[in-house]
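Colleague: fold the following and give me the result.
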Amino acid sequence: MLEETAGGFALFSALPMPAVFAFLVFMAMYSACIATLISMYRIVGLRPTALSAAVNLASAYAAAALTYAALSLIP
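Modeller: Numbers count the residues shown, from 1 in each chain. All right, here's what the predicted structure looks like:
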């Protein structure tokens with residue numbers, strides 16, 4: 001009944017737990033919203049804004065990959 005009313009919960013039951021936690025870590029770390037990027041662009045320019053977004057994306061991806069790898073070791 002809960003899966004029918006909540007919709008997305010059926011997806012999480014099909015995913016392995018390390019993937020769910022890796023997704024949560026990625027979403028928590030990658031927080032560049034469009035308003036932040038526009039403000040950065042106006043203050044510092046295009047190159048530093050693009051570099052910041054790329055570093056933020058890469059670090060969030062690396063943290064998610066490490067989370068997935070670490071939690072995959074737990075039986």
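
Colleague: got a pLDDT number for the most centrally placed residue in the chain?
Modeller: Most central in the chain under CA atoms, centre = their mean is Phe26, positioned 2.3 Å from the mean C-alpha point. pLDDT for Phe26: 94.

Colleague: is it in contact with Ala58, as I believe?
Modeller: No. Look at Phe26 against Ala58 with CB atoms under 8 Å: they stay out of range, at 11.3 Å. To be clear about C-beta, it is placed using only N, CA and C from the backbone, and glycine gets the same treatment.

Colleague: before we move on, which element is the residue nearest to the centre of the chain in?
Modeller: Assigned by DSSP states H and E, Phe26 falls within helix 17-29.

Colleague: that older thread, identify the residue nearest the residue nearest to the centre of the chain in space, chain neighbours excluded?
Modeller: Ala64 (3.9 Å; CB to CB, 6 or more residues apart in numbering).

Colleague: I'd say the one you found and Ala19 touch.
Modeller: No. Ala64 is beyond contact range of Ala19, at 9.4 Å (criterion: CB under 8 Å).

Colleague: I appreciate the help and will end here.
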